[in-house]
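*Asks:* A predicted structure for the sequence below; I have some questions about it.
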Amino acid sequence: MKYLCLIYSNESPADGATEADSKRVMEAYFGYEEEISKAGIKLAGEALYPTGAAKTVHMNNGSTVTTDGPFAETKAQLGGFYLLYVKDEAEAIKYAAKIPTASMGGRIEVRPVMTFEQP
């Protein structure tokens, strides 16, 4: 079954991170990447640019309306994701807990991915 692991954290502390801090975080992520790749469960995974690069789009009376920034105004921002193929929710949670941000003050949202049969 496919599960999406959404990685949320406060992007502000990253602004003041030292080079050593950044290297430590990246090494943790490279280790996680290696683990899920070897386990054969990684379908996709990407980091996102900070929220300053985000645009929110909606329609209003047939016109496209674009605003700067993310849709939700919260303390934590979506910073990336992993799409995993695992046997069940318990395994998805096990691997979500290993995402480095989970132990660095962030949160990981785990959601099953719907699949639709084509008629």
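*Replies:* Received, thanks. Owing to the predicted nature of the structure, the values given are computational and were not obtained by experimental measurement.
*Asks:* residues contacting the longest helix belonging to the chain, please?
*Replies:* Across the chain, the longest stretch assigned as helix under DSSP state H is helix 19-38. For helix 19-38, contacts defined as Cβ atoms under 8 Å, 6 or more residues apart in numbering pick out 14, 17, 42, 45, 82, 84, 95, 98-100, 104. For the C-beta atoms, the positions are set from N, CA and C on the backbone; glycine is no exception.
*Asks:* at 7 Å instead, please
*Replies:* Contact with helix 19-38 is made by 42, 84, 95, 98-100, as judged by Cβ atoms under 7 Å, 6 or more residues apart in numbering.
*Asks:* in strands, which of those residues appear?
*Replies:* 42, 84 (DSSP state E).
*Asks:* point out where the protein drops to low pLDDT.
*Replies:* 13-15, 73 (pLDDT under 70).
*Asks:* now the farthest one out in it, which residue is it?
*Replies:* For the chain, the residue at maximal distance from the C-alpha centroid (Cα atoms, centre = their mean) is residue 61, at 32.4 Å.
*Asks:* buried sites along the longest helix of the chain?
*Replies:* Buried residues in helix 19-38, counted by 16 or more other Cβ atoms under 10 Å: 28-29, 32, 36.
*Asks:* same deal with stretch 89-108?
*Replies:* 91-92, 95-96, 98-102, 106, 108.
*Asks:* now do stretch 36-51
*Replies:* Using 16+ other Cβ under 10 Å as the test for burial, stretch 36-51 gives 36, 41-42, 45, 51.
*Asks:* of all those, which comes closest to residue 117?
*Replies:* The nearest member of these to residue 117, counting by Cβ to Cβ, is residue 41 at 23.4 Å.
*Asks:* can you verify my assumption that the closest one contacts residue 82?
*Replies:* No: assessed by Cβ atoms under 7 Å, residue 41 is found out of contact with residue 82, at 9.1 Å.
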